[in-house]
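A.B. asks: below are the sequence and a predicted model; questions follow.
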Amino acid sequence: MTSVTVIGASGYIGSEILRLLVNHPRIEEIIPVSRSLAGKNVVSYLTHLRGFIDHKLKFQNMHFEKIDTDFLFVAAPPGKWIESIPSILDRGTRVISMGGKFRIKNPDIDKKLYPDYDNKSLLNEAVYGLPELYRKEIKKARFIANPGCYTTSIIPAIAPLSEFKSNLDLKSIVITSISGSSGAGIKLSKFLHHPNVSGNIRPYNILYHRHTPEMEFILSQHFNSELRISFTPSVGDYSRGILSYISIFTKKEIKSDIIKHFQRYYKREPFIRILSSDKDNIPNLKDVVNTNFCDIGVNYDRTRKRILLLSALDNLIKGGSGTAVQNMNIMLGVDERLGLNIIALSP
């Protein structure tokens, strides 16, 4: 059996990790950590977990020197916790970080995006936690840097096109994504104040978002060619889910059946669903919310030399906690679907 510590357990991603793990058949012990709620009963704050977590279980304070569980999930932004990771790894605890630090194996980019608390050895050791591309590396890893929520919706959609890279204009990829308001985390802000979000769509960081260099770096490695992405994120009037619109233009016509190519590419992936007909190749956000699935619709307009990929996922699960649990399963060598066989609600 397996024990876990969850740092940031009172936040959106951290509490989702708790929700997934309470029904995981391999998890024996969960230690929830929250500096702001230390000493308070978990179910008095995360009331949806009543009956699933011991009503006497309390949030713990952050004492890195005491962590000796099998896994540590860090659902907190970059901070002083980074300094404790090497000693935690040396004690045999495997670490899965949700923060952006260490995702990009370029020290200059990493430092620019996430300054302070640099550690080159951790940067070198970190494995990018996207199972669909890095499963073999994840299986052997001690330290995982989970991908961002937007990148998890976008990279799997683009990756299968690497076979046709000579046909594509890789320097002019255009992406628009709409995320639910939970994507910015639990902290209150004027931007996400309900009266400002309700009945509205609010673009932000329209010229530069921190996930853009992450996408470019990972995809450029995968394609073995430089990619350039123009990315525009927005927040929609709903709490969870991401829908991404990805336009890639062709320099030369692709003769292959692209939909069948995507189906072959992901035929062994348990959480990627390729929508395959004219009637259903447009993802429905409600089909993925509260699940670990990423649904991808593939459309090729040969007349306009445009491939339009539509990708939908739940930003808190497949875009965060679900992928983290999937990575843990891979590292344990068990069925990676354990704890993640959740079906979306309908209607």
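C.D. replies: Okay, I see it.
A.B. asks: if I pick residue 115, what's in contact with it?
C.D. replies: Shown in contact with residue 115 (C-beta atoms under 8 Å, 6 or more residues apart in numbering): no residues. The way it works is simple: take the backbone N, C-alpha and C, and place the C-beta from them, glycine included.
A.B. asks: I'd like the numbering to begin with 53 instead of 1 from here.
C.D. replies: OK, 53 is where the count begins now, so the last one is residue 167.
A.B. asks: three-state assignment of it?
C.D. replies: Put simply, residue 167 is coil when judged by DSSP: H, G, I helix; E, B strand; the rest coil.
A.B. asks: what are the phi and psi values at it?
C.D. replies: phi -70, psi 160 (degrees, to the nearest 10).
A.B. asks: look up how far residue 161 lies from it.
C.D. replies: Separation of residue 167 from residue 161 (C-beta to C-beta, to the nearest Å) stands at 11 Å.
A.B. asks: end to end, how far does stretch 367-380 reach?
C.D. replies: 18 Å (C-alpha to C-alpha, to the nearest Å).
A.B. asks: and that stretch, average pLDDT?
C.D. replies: Average pLDDT, stretch 367-380: 98.
A.B. asks: check the gap between the residue sitting furthest away from the middle of the chain and residue 302 for me.
C.D. replies: Within the chain, residue 355 marks the point farthest from the mean C-alpha position, 34.2 Å out by C-alpha atoms, centre = their mean. Plainly put, residue 355 is 11 Å away from residue 302 if you go by C-beta to C-beta.
A.B. asks: give me the pLDDT for the residue lying closest to residue 251 once chain neighbours are set aside.
C.D. replies: Counting by C-beta to C-beta, 6 or more residues apart in numbering, residue 251 lies nearest to residue 289, which is 5.8 Å off, once chain neighbours are set aside. The model reports residue 289 with a pLDDT of 94.
A.B. asks: now do residue 331
C.D. replies: Reported pLDDT for residue 331: 65.
A.B. asks: show me where the stretch 153-302 of the chain has its helices.
C.D. replies: All helices of the stretch 153-302 of the chain, identified by DSSP state H, counting those that start in this stretch, fall at 159-165, 172-177, 183-192, 201-210, 246-249, 263-275.
A.B. asks: next up, the contacts around the residue nearest to residue 251.
C.D. replies: 233, 249, 250, 251, 252, 253.
A.B. asks: which of those are buried?
C.D. replies: Buried subset of those (neighbour count, 16 or more other C-beta atoms under 10 Å): 233, 249.
A.B. asks: Throw the contacts of residue 289 into TSV and include distance to residue 76, thanks.
C.D. replies: Formatted as TSV, the contacts of residue 289 follow (distance: C-beta to C-beta, whole Å):
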residue	distance to residue 76
233	28
249	33
250	35
251	38
252	37
253	36
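A.B. asks: what's the most distant pair in the contacts of residue 289?
C.D. replies: Maximum pairwise distance among these (C-beta to C-beta): 12.6 Å, between 233 and 251.
A.B. asks: near residue 320, how many other residues are there?
C.D. replies: Residues within reach of residue 320, counting by other C-beta atoms under 10 Å, total 9.
A.B. asks: Three-state assignment for it, please.
C.D. replies: Reduced to three states by three-state DSSP, residue 320 is coil.
A.B. asks: what separation do you get for it and residue 310?
C.D. replies: Counting by C-beta to C-beta, the gap from residue 320 to residue 310 is 19 Å.
A.B. asks: helix or strand, whichever it is, which one in the protein has the lowest mean pLDDT?
C.D. replies: Scoring the helices and strands of the chain by mean pLDDT, DSSP states H and E places helix 246-249 at the bottom, with a mean of 85.
A.B. asks: which strands and helices sit next to that helix?
C.D. replies: Under the contact definition 3 or more C-beta pairs under 8 Å, 6 or more residues apart in numbering; DSSP states H and E, helix 246-249 sits against no other helix or strand.
A.B. asks: from the rest of the structure, what touches it?
C.D. replies: Residues from elsewhere that reach helix 246-249, judged by C-beta under 8 Å, 6+ apart: 233, 242, 254, 287, 289.
A.B. asks: where does the stretch 203-352 of the chain have low pLDDT?
C.D. replies: 329-332 (pLDDT under 70).
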